[in-house]
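K.L.:
From the sequence below, what's the structure:
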Amino acid sequence: MTDTLLDLKSLHDFYVGVFSAMGVPKAHSRTCANGLLYADRNNIRTHGAASLDRLYLTMLRDGAVDPRATPEVIRAHGATAVVDGGNGLGFVTAEFAMRLAVEKAGEHGIGAVAVRNSSHCGAMGYYSALARERGMIGLASTNLGAQGVLPPPGGRDRLLGTNVLAATAPAGTRAPFALDMSAAVVAAGRIRKARDDGERVPEGWLADGAGRPVTDPEAYFTGAATLRFVGGDPLTGAYKGLGLAMLADVLCGLLSGAAVGPNPANLAGGTPASRKDADIGHFMLAINVPAFRPAGDFTAAMDEMLRVLSESTPVYPDEPVSYPGTPEHRNAELAARDGVRVSTEVLAEMYAVGAELGLLVPRLADAGVVTPGDSR
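P.N.:
Next comes the predicted model:
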């Protein structure tokens with residue numbers, strides 16, 4: 001299978017045009033485009049171009065979200081606030097919330113904003129990076145609303161979402177620390193991609209009702225297998241993944257008033273409504289570094305910590321030790337140089353969307369077409 005390389009600016013313009021054609025205000029369309037392009041640039045392929053038609057346009061076509069909704073602050077006190085997304089696009093609500101958290105952190109040293117009544121907002125690393133761009137430490141979390149996707153360790157009922165935590169901190173000369181992780185061992189989108197590509201998944205991603213490993217991705221979509229938490233089995237740390245998922249529900253759901261996965265409907269076997277991207281909650285935290293220590297001292301210390309990690313002795317000589325943020329930094333550099341990678345299937349989806357909305361598809365980057373293993 002080959003990948004097509006698309007020009008960054010042309011792809012961004014295409015996204016803006018698509019959302020605008022679906023009735024989203026121009027400024028909000030740019031926000032959505034920025035969020036999608038972040039995933040594309042960092043090679044988070046389940047949350048970028050591949051999710052445009054399958055997720056966001058489907059929600060807009062179905063009327064599941066309000067394309068013109070504007071986030072509203074419904075409670076504010078000092079360094080904190082609660083935002084209602086008005087059942088709008090998660091990109092818009094989540095970015096509004098993090099920018100508000102950054103604003104409050106500039107005034108108070110720290111800013112914390114909880115969000116309710118939102119929807120899927122893409123890669124959470126995009127929002128934590130908004131704080132880092134202002135020289136702050138950023139934390140961004142989301143739950144899945146009422147969706148029950150994973151059972152707790154030792155349980156059979158799907159009660160929790162693949163809830164996500166992202167955090168980033170500025171550095172000086174090194175690639176910044178950038179963590180973006182799900183409480184599940186892998187994002188559900190990677191199961192879907194394996195199915196679409198006709199591939200098996202590794203043992204440890206899925207398990208059946210008796211806890212036995214499953215490698216057929218289709219079993220996840222038929223209900224014959226469930227995703228596993230980070231850690232896998234209880235003896236190898238599954239309760240750590242459960243704890244992360246619950247923390248996200250506490251911060252994103254209970255604190256804001258949004259829905260959470262452990263709810264009576266999911267305990268009873270779930271309903272179609274409980275599996276929709278509705279009433280999702282987010283939590284955004286920004287920490288203003290100079291309120292704690294001089295910014296230059298912090299970034300110098302961060303660089304030193306990251307240098308020691310990077311220069312530590314690797315197990316395999318040709319694979320240097322990495323840390324969260326290194327692959328993303330490298331992928332962003334490659335995307336800036338060569339363009340964004342998309343599969344032939346995703347490109348075909350873009351052509352269909354372009355034909356539907358009367359838009360030109362993104363133009364190819366100068367690098368053209370490459371095989372997946374070609375790093376250029």
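
K.L.:
Phi, psi for the residue lying closest to Ala291 once chain neighbours are set aside please.
P.N.:
The shortest distance from Ala291 to any non-neighbouring residue, by C-beta to C-beta, 6 or more residues apart in numbering, is to Gly109 (3.2 Å). For glycine as for every other residue, the C-beta is placed from the backbone atoms N, C-alpha and C. Here is the backbone geometry of Gly109 (degrees, to the nearest 10): phi 100, psi -20.

K.L.:
Gly109: neighbouring residues, count only.
P.N.:
Using other C-beta atoms under 10 Å, Gly109 is surrounded by 16 other residues.

K.L.:
Nearest residue to Leu165 in space, please, no chain neighbours.
P.N.:
Using C-beta to C-beta, 6+ apart, the nearest residue to Leu165 is Ser141, at 4.9 Å.

K.L.:
I figured that neighbour was touching Met246, is that so?
P.N.:
No. Look at Ser141 against Met246 with C-beta atoms under 8 Å: they stay out of range, at 11.7 Å.

K.L.:
Can you say which helix or strand has the most centrally placed residue in the chain in it?
P.N.:
By C-alpha atoms, centre = their mean, the mean C-alpha position of the chain lies nearest to Ala123, the distance being 2.1 Å. Using DSSP states H and E, Ala123 is not contained in any helix or strand.

K.L.:
Surely Thr4 is within a strand?
P.N.:
Yes. Under DSSP: H, G, I helix; E, B strand; the rest coil, Thr4 sits within a strand.

K.L.:
Check the gap between it and Ala21 for me.
P.N.:
Per C-beta to C-beta, to the nearest Å, Thr4 is found 22 Å from Ala21.

K.L.:
Mind checking which of these two has more residues around it?
P.N.:
Between Thr4 and Ala21, counted using other C-beta under 10 Å, the more crowded position is Thr4 (20 against 17).

K.L.:
Would you state the strands of this protein in chain order?
P.N.:
According to DSSP state E, the chain carries its strands in the segments 3-6, 72-77, 80-84, 110-118, 136-142, 164-169, 177-182, 206-207, 213-214, 226-227, 280-288, 340-343, 364-370.

K.L.:
Comparing those strands, which yields the minimum mean pLDDT?
P.N.:
Lowest mean pLDDT within the strands of the chain: strand 364-370, a mean of 69.

K.L.:
Quick one: neighbours of His183, just the number.
P.N.:
No His there; residue 183 is Ala. Number of residues near Ala183 (other C-beta under 10 Å) recorded here: 27.

K.L.:
How far away from the center of its chain is stretch 232-245?
P.N.:
When distances are taken as C-alpha atoms, centre = their mean, to the nearest Å, stretch 232-245 is centred 20 Å away from the chain's centroid.

K.L.:
which parts of it are buried?
P.N.:
The neighbour-count check on stretch 232-245 (16 or more other C-beta atoms under 10 Å) flags Gly232, Ala238, Tyr239, Gly241, Leu242, Leu244, Ala245 as buried.

K.L.:
Quick one: residues contacting the first one.
P.N.:
By C-beta atoms under 8 Å, 6 or more residues apart in numbering, the contact list for Gly232 reads Val185, Gly204, Ala238.

K.L.:
And the fourth one, by the same measure?
P.N.:
With contacts defined as C-beta under 8 Å, 6+ apart, the neighbours of Gly241 are Ala183, Ala184, Val185, Arg228, Phe229, Val230, Gly231.

K.L.:
What ranges does the stretch 251-376 of the chain have for its helices?
P.N.:
264-267, 295-311, 326-338, 344-357 (DSSP state H, counting those that start in this stretch).

K.L.:
And the buried residues of stretch 232-245, which is closest to Leu55?
P.N.:
Ala245 (20.6 Å; C-beta to C-beta).

K.L.:
May I have the residues that are in contact with the residue nearest to the closest one when sequence neighbours are not counted?
P.N.:
Distances taken as C-beta to C-beta, 6+ apart place Ala183 nearest to Ala245, at 3.7 Å, with adjacent residues excluded. Applying C-beta under 8 Å, 6+ apart, one finds that Ala183 lies in contact with 150, 160, 162-165, 229-230, 241-242, 244-245, 248.

K.L.:
before we move on, the earlier item: identify those among the buried residues of stretch 232-245 that sit within helices.
P.N.:
Judged by DSSP state H, helices contain the following of those: Ala238, Tyr239, Gly241, Leu242, Leu244, Ala245.

K.L.:
quick one on the thing from earlier: now the residue nearest to Ala291: how far from Ala81?
P.N.:
15 Å.

K.L.:
Determine how far the last residue of stretch 35-48 lies from the first.
P.N.:
Chord length of stretch 35-48, first to last residue, is 8 Å (C-alpha to C-alpha, to the nearest Å).

K.L.:
so how far is it off the chain centroid?
P.N.:
A distance of 9 Å separates the centroid of the chain from that of stretch 35-48, by C-alpha atoms, centre = their mean.

K.L.:
Quick check: mean pLDDT of it?
P.N.:
95.

K.L.:
will you turn the helices of the stretch 251-376 of the chain into JSON lines that also has mean pLDDT?
P.N.:
Output for those, formatted as JSON lines (pLDDT from 0 to 100):
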{"stretch": "helix 264-267", "mean pLDDT": "92"}
{"stretch": "helix 295-311", "mean pLDDT": "98"}
{"stretch": "helix 326-338", "mean pLDDT": "95"}
{"stretch": "helix 344-357", "mean pLDDT": "94"}
